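**Student:** would you be able to build a 3D model of this:
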Amino acid sequence: MSILEVENLSVSFKQYTDGFKEINHKVISSLNVTLEAGKILAVVGASGSGKSLLAHAILGILPSNANVSGIIKYEGKELTPIRQTALRGKEIALVPQSVNFLDPLMRVGNQVRTSVKNGDAVSAQRKVFERYRLGKEVEDMYPFQLSGGMARRTLLSTAMVSDAKVIIADEPTPGLDPVVIKEALDNFREFADNGCAVMLITHDIESALQIADKIAVFYAGTTVEIAPVEDFVGNGEAIRHPYTKALWRALPQNEFRPIPGSQPHPSSLPPGCLFEPRCEMATAECRQAPPKMRELRDGMVRCIHAT
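**Tutor:** Below you'll find the model as predicted:
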């Protein structure tokens, strides 16, 4: 059952040149994803592909110079700015990429307790701290007193006690030791198994494949493929989009083969398929117009040549 739907989302940022000329850089275009209750959608892609911006758009925390179009629905109703404010941190929780999201003036134990909606807040905070190997003394510390790994575990704790229906985890594991990484991933899986919808934003496709149900691949601000995790096997024969295939082949345990070129900057996007300048399958038709997302073999793909 779908709980959150993003339809044709586009995000641009208004900027001014040295001559005070106004320009708009489109950083997300025609982006589509769906989060389902009881499922984990892993969002993967290179830096600058729009992964974190998607999370911030859903939560309504984009900067003031952002222009947003498209529709975001939560439980079948449009997620308006008023609903975003009401649901943020309650029914929709974020595990942010930056530890700067912690309030520098509040002890971290109290910060976690403010996210507890049911039951005894102190007990819930201490239980989750124990689970993440944060000693009792940590609850009385301020964020500046924490190591990077401790701060990330505190952010994880905040989401875990929230009883949210949707958890958006934006690169939640950098700086954590392997034991805590595995436990955090297992906890996300546990949340999904209990009916929560989880979006895991990550560069680490290998970790995503351990717990996710589907993989959404982003490139230059849009979705190029959404595929079941079962398709990521062998030489990637079941994968649909050439960029996704390239990501898969670039892993060390596969061919470890990078592709030439780089992701285009928002100020210089190609007129047709965004991946066309780097694609071995590209034809003249690929340069005419951006391809639309279409269904293919129990997945979705944005490529006219995918079969």
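**Student:** which element follows the strand or helix carrying residue 206 toward the C-terminus?
**Tutor:** According to DSSP states H and E, residue 206 maps onto helix 205-211. As assigned by DSSP H and E, the chain's next helix or strand after helix 205-211 is strand 214-219.
**Student:** elements contacting that following strand?
**Tutor:** Judged by 3 or more C-beta pairs under 8 Å, 6 or more residues apart in numbering; DSSP states H and E, strand 214-219 is in contact with strand 40-44, helix 205-211, strand 222-228, helix 242-249. C-beta coordinates here come from the backbone N, C-alpha and C atoms, glycine included.
**Student:** which of those has the lowest mean pLDDT?
**Tutor:** Ranked on mean pLDDT, the bottom entry among those is helix 205-211, at a mean of 89.
**Student:** what packs against that helix?
**Tutor:** strand 40-44, helix 178-193, strand 197-202, strand 214-219.
**Student:** let's see 6 Å
**Tutor:** The helices and strands touching helix 205-211, judged by 3 or more C-beta pairs under 6 Å, 6 or more residues apart in numbering; DSSP states H and E, are strand 40-44.
**Student:** the strand it packs on: partners in the sheet, and parallel or antiparallel?
**Tutor:** The strands that strand 40-44 pairs with in its sheet are strand 197-202 (parallel), strand 214-219 (parallel) (by DSSP bridges).
**Student:** residues in contact with it?
**Tutor:** 35, 51, 192, 198-201, 205, 208, 211-217 (C-beta atoms under 6 Å, 6 or more residues apart in numbering).
**Student:** repeat that for stretch 76-90.
**Tutor:** Applying C-beta under 6 Å, 6+ apart, the contact partners of stretch 76-90 are 59-60, 72.
**Student:** in strands, which of those fall?
**Tutor:** Of the positions in these, residue 72 sit in strands, assigned by DSSP state E.
**Student:** on that earlier part again, reformat the strands paired with strand 40-44 as a markdown table; add distance to residue 87, mean pLDDT and mean neighbour count.
**Tutor:** What follows is the strands paired with strand 40-44, written out as a markdown table (distance: least, C-beta to C-beta, whole Å; pLDDT from 0 to 100; neighbours: other C-beta atoms under 10 Å):
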| stretch | distance to residue 87 | mean pLDDT | mean neighbour count |
| --- | --- | --- | --- |
| strand 197-202 | 13 | 95 | 26 |
| strand 214-219 | 22 | 96 | 25 |
